[in-house]
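In: Attaching a predicted model along with its sequence, questions to come.
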Amino acid sequence: MKHDISIIMPAFNEEACIYENIRKTREIMFDTGLSAEIVAVDDGSADDTLGEIRRAASDFDNVTVARNIRNMGKGMALRSGFERSTGDIVVFLDADLDIDPSQIRSLVTLLEETPCDIVVTSKHHPESKLRYPFSRKIASWIYYFMIRYLFSLPVRDTQTGLKVFRRKVLDDVLHRLLVKKFAYDVELLATAVRFGYRLREVPVVIEFKRDLKWGRIRIEDVISLFIDTLAVFYRLKVMRYYDGDRPRFSPVRKKVLVVVRGCPPSPEVTECLKTYDGTRIACIGNDAHQGESADYTVFRTELDVFKWLSANKDSYDILGFLGSNCLPMGVWVDYAVSNFDDSEVSVVCGPLIPGGFKSRLEKAAGMVFSSGIVRGSDAYLYSFRPVRHVHRASMENVFIRAEVFFAEHPENHGFTKSGGFFSTSASSLGNIQYDPDVAVLKKVPSLFMPYIRSAAREAFSCGYGISTGREGLRNLWRLVFTIIWTILLAGWAVLPSEGYTMAWYVYGAVVILTALACFDLLSTPFFTLGIVCDHFIRAWAFPAGLIKGIFTGAENRKRGGTA
């Protein structure tokens with residue numbers, strides 16, 4: 001059912017009040033005569049926020065439930081809610097109701113009676129009435145001057161939790177955005193202004209209800225907000241990133257099969273995959289009993305699933321692959337499928353984002369795992385980057401057109417599959433589209449020994465794959481770790497003492513500056529040591545794999561020649 005107005009309420013750990021706040025908002029909308037739906041979004045809450053939202057949807061009409069399986073930030077929650085909304089006018093309203101929903105009526109009237117496209121409330125408007133901690137007022141003013149200097153927006157406040165949009169604005173802008181958390185509002189408004197949409201600022205009444213001086217905002221959140229804001233400025237003013245269009249959801253439904261490594265798939269994974277109608281799930285587990293279940297088909301080995309796929313190749317348009325310990329973010333399948341409306345796109349991939357941390361060592365391991373000075377040219381596979389064409393995709397997070405996957409000679413389409421990656425075999429062939437929305441959270445082994453063993457296996461496998469022809473030569477850049485540690489350990493024999501000392505200083509400075517750039521002071525010591533350990537183990541595991549592959553190839557050729 002279509003409504004005139006959609007109110008999107010992102011909620012995180014609001015079990016105590018979300019039901020009552022939904023009831024209150026719905027009652028106010030009814031009293032003002034507005035035809036409105038409420039889309040309440042549980043952003044991966046640790047409490048029973050989702051249960052309370054479902055109870056409200058059961059008790060009241062025009063309440064829609066949306067959910068992010070993991071906590072992904074306010075920006076992603078708003079986007080998830082918008083995708084389930086129907087209104088021509090869309091309202092963003094914080095679920096804590098620090099801003100009373102009775103103010104929505106005047107904003108909607110202003111939007112309907114004036115030529116503006118967006119109405120935002122502002123704490124800095126001279127007519128605003130605030131019961132607000134002084135410390136947050138100071139922080140808000142500092143951020144206002146930063147925004148004014150960087151973006152010249154025609155508003156004094158971007159962060160207040162009540163905004164009203166014409167739907168066409170969000171249709172045109174939301175799919176272009178990258179920020180998932182606190183700087184989402186700035187990115188949204190700055191991009192909308194760039195596309196010529198008109199903003200109007202109005203006063204607001206705020207009654208801060210939380211006992212904590214900063215509410216839920218932590219110092220690392222503040223730092224993250226400033227860093228993300230600078231990143232938005234760079235993309236907007238320097239890269240002109242937002243000027244390029246992004247894939248939109250396709251109106252044409254495709255038949256999709258997702259192959260999940262690990263059996264049975266977790267309920268979270270199953271729920272994520274089922275958001276796209278018609279998705280079928282196959283899972284692989286060495287100790288699984290092969291057969292059918294209500295939600296998925298079970299296979300023991302990759303060979304079993306490949307044989308089954310070959311026999312059913314006409315049943316699917318797109319094949320997706322999800323690694324073990326990976327959880328899709330958002331409506332993962334929808335995001336991926338939208339890219340295939342471009343007939344030139346054969347493969348779609350996204351990043352593997354470390355997540356699900358339970359300790360400081362796990363978080364530091366995730367930082368090392370995705371660091372640019374570990375991943376080099378593959379860094380885009382482990383962090384959010386702009387939409388682009390790339391040369392390879394991880395088989396832990398990839399979607400492939402069925403005709404390409406089942407081709408007898410995939411290299412004729414410009415692709416090779418080896419070493420856990422699906423790669424382009426020639427720069428002029430094999431269009432692989434990278435989309436940051438096609439992201440999954442990946443659990444990474446904790447520092448130190450579990451992570452080091454994992455890094456050693458990965459580096460050895462890559463070296464072995466290159467020498468046996470299963471990996472492309474472009475991965476030889478990984479020898480840089482060997483070169484660095486050879487210089488650090490043996491450079492004293494060939495370098496002047498000043499040069500040898502300088503090599504240590506330069507390496508140490510690069511590692512420490514990289515750690516500090518993450519702006520997580522508590523994790524910095526673990527991250528720094530983790531980087532050093534990672535580089536050291538890759539420096540010797542990678543060439544060991546190369547050597548092993550060379551000898552294996554020689555033995556195979558010898559046996560073949562003898563035969």
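Out: Looks like it arrived, so ask away.
In: list the contacts for the residue nearest in space to the middle of the chain?
Out: Residue closest to the average C-alpha location in the chain (C-alpha atoms, centre = their mean): A439, at 4.5 Å. Residues counted as contacts of A439 (C-beta atoms under 8 Å, 6 or more residues apart in numbering) are P328, M329, G330, W332, G350, P351, L352, I353, F384, N397. For every residue, glycine as well, the C-beta is placed using N, CA and C.
In: Which helix in this protein has the most residues?
Out: helix 524-562 (DSSP state H).
In: Distance from stretch 334-352 to the middle of the chain?
Out: 15 Å (C-alpha atoms, centre = their mean, to the nearest Å).
In: Could you do stretch 94-114 as well?
Out: The answer for stretch 94-114 is 30 Å, by C-alpha atoms, centre = their mean.
In: Same check on stretch 535-546?
Out: 30 Å.
In: Please enumerate residues in contact with it?
Out: 373-374, 452, 455-457, 459-467, 478-479, 481-482, 484-486.
In: What's the PyMOL line that selects buried ones from the residues you listed?
Out: Typed into PyMOL, the line below selects the buried ones among the contacts of stretch 535-546, using 16 or more other C-beta atoms under 10 Å:
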select buried, resi 373+374+452+455+456+459+460+461+462+463+464+465+466+467+478+479+481+482+484+485
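In: What pLDDT is listed against the residue nearest to the centre of the chain?
Out: For A439, the pLDDT comes out at 89.
In: ditto for F30
Out: 86.
In: So it versus N339, what's the distance?
Out: Distance, F30 to N339, using C-beta to C-beta, to the nearest Å: 41 Å.
In: residue boundaries of the helices in the stretch 51-200 of the chain?
Out: 74-82, 104-113, 134-151, 167-173, 184-194 (DSSP state H, counting those that start in this stretch).
In: On the three-state scheme, W504 is what?
Out: Put simply, W504 is helix when judged by DSSP: H, G, I helix; E, B strand; the rest coil.
In: Now for it: which residues touch it?
Out: W504 neighbours (C-beta under 8 Å, 6+ apart): L488.
In: cool, the one 10 residues further on as well?
Out: For T514, the residues meeting the contact criterion (C-beta under 8 Å, 6+ apart) are S371, G372, I373, I531.
In: biggest separation within the residues you listed, which pair?
Out: G372 and I531 (10.8 Å; C-beta to C-beta).
In: Compare these two and say which is more crowded by neighbours.
Out: Taking other C-beta atoms under 10 Å, G372 and I531 do not tie; I531 has more neighbours (21 against 14).
In: What helix or strand is the nearest residue to the more buried one once chain neighbours are set aside located in?
Out: Excluding the flanking residues, the one nearest I531 by C-beta to C-beta, 6 or more residues apart in numbering is V511, at 5.1 Å. Assigned by DSSP states H and E, V511 falls within helix 497-516.
In: got the buried residues for stretch 106-125?
Out: The neighbour-count check on stretch 106-125 (16+ other C-beta under 10 Å) flags 107-108, 111, 116-125 as buried.
In: Could you dump the residues you listed into TSV with distance to V164 added?
Out: Formatted as TSV, those follow (distance: C-beta to C-beta, whole Å):
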residue	distance to V164
L107	4
V108	6
L111	5
C116	10
D117	10
I118	7
V119	5
V120	8
T121	9
S122	13
K123	16
H124	18
H125	15
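In: could I get those residues as a markdown table with distance to D243 and pLDDT?
Out: Shown next, in a markdown table, are the buried residues of stretch 106-125 (distance: C-beta to C-beta, whole Å; pLDDT from 0 to 100):
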| residue | distance to D243 | pLDDT |
| --- | --- | --- |
| L107 | 29 | 91 |
| V108 | 31 | 91 |
| L111 | 26 | 91 |
| C116 | 23 | 92 |
| D117 | 19 | 94 |
| I118 | 19 | 94 |
| V119 | 25 | 94 |
| V120 | 23 | 92 |
| T121 | 29 | 90 |
| S122 | 28 | 86 |
| K123 | 31 | 83 |
| H124 | 30 | 78 |
| H125 | 31 | 80 |
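In: in the helix holding V511, what's buried?
Out: Y500, A503, Y507, V511, T514, A515.
In: any idea of the angle that helix forms with helix 524-562?
Out: Orientation check (axes from the mean of the first three to the mean of the last three C-alpha atoms, to 10 degrees): helix 497-516 against helix 524-562 gives 110 degrees.
In: Now helix 497-516: average pLDDT?
Out: Mean predicted confidence for helix 497-516 is 90.
In: cool, and stretch 524-533?
Out: 92.
In: what's the burial count for L93?
Out: For L93, using other C-beta under 10 Å, the count is 22.
In: swap that for V232, sorry
Out: 25.
In: Can you name the next helix or strand after the helix or strand bottoming out on mean pLDDT in the chain?
Out: Across the helices and strands of the chain, mean pLDDT, DSSP states H and E gives its lowest value to strand 291-292, namely a mean of 52. Sequence-wise, the next helix or strand downstream of strand 291-292 (DSSP H and E) is strand 296-299.
In: Each with direction, which strands does that next one pair with?
Out: strand 279-284 (parallel), strand 291-292 (antiparallel) (DSSP bridges).
In: Now do the very next helix or strand once past that strand against strand 279-284, angle only.
Out: Toward the C-terminal end, the helix or strand that comes next after strand 296-299 (DSSP H and E) is helix 302-311. Between helix 302-311 and strand 279-284, the angle formed by their directions is 150 degrees, by the same axes, to 10 degrees.
In: Can you tell me what sits against helix 302-311?
Out: Helix 302-311 is contacted by residues L257, V259, A282, I284, Q290, T297, F299, L319, F405, F406 when judged by C-beta under 8 Å, 6+ apart.
In: Also stretch 159-166?
Out: Contacts for stretch 159-166 (C-beta under 8 Å, 6+ apart): 88-94, 98-99, 103-104, 107-108, 111, 117-123, 140, 143, 182, 185, 204, 206.
In: Just the ones of the residues you listed in strands?
Out: Here DSSP state E is the test, and the contacts of stretch 159-166 give I89, V90, V91, F92, L93, I118, V119, V120, T121, S122, I206 as lying in strands.
In: Any chance of those residues in TSV with distance to F448 as columns?
Out: Output for the ones in strands among the contacts of stretch 159-166, formatted as TSV (distance: C-beta to C-beta, whole Å):
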residue	distance to F448
I89	53
V90	47
V91	48
F92	43
L93	45
I118	49
V119	52
V120	47
T121	48
S122	49
I206	47
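In: what's the closest of the residues you listed to E52?
Out: Out of the ones in strands among the contacts of stretch 159-166, the member with the shortest distance to E52 (by C-beta to C-beta) is L93, at 16.6 Å.
In: residues touching that closest one, list them.
Out: I7, I8, M9, T25, I99, P101, I104, G161, L162.
In: now swap in F448 and tell me
Out: L361, L529, G530, C533.
In: Any regions of the stretch 401-550 of the chain where pLDDT drops low?
Out: 408-419, 425-430, 470-473, 519 (pLDDT under 70).
In: which sections of the stretch 201-350 of the chain are below the confidence cut-off?
Out: Judged by pLDDT under 70, the stretches of the stretch 201-350 of the chain that qualify are 208-221, 244-250, 286-295.
In: For it, which segments count as helices?
Out: Under DSSP H, counting those that start in this stretch, the stretch 201-350 of the chain gives helices at 219-233, 267-273, 302-311, 332-339.
In: Could you export those as TSV, including distance to R253?
Out: Below are these laid out as TSV (distance: least, C-beta to C-beta, whole Å):
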stretch	distance to R253
helix 219-233	34
helix 267-273	15
helix 302-311	20
helix 332-339	8
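In: Would you tell me which one of those is buried the most?
Out: With neighbours defined as mean count of other C-beta atoms under 10 Å, the helices of the stretch 201-350 of the chain peak in mean count at helix 332-339, which reaches a mean of 24.
In: and L352, what are its bridge partners?
Out: V440.
In: Closest to P525 out of the buried residues of stretch 106-125?
Out: K123 (38.1 Å).
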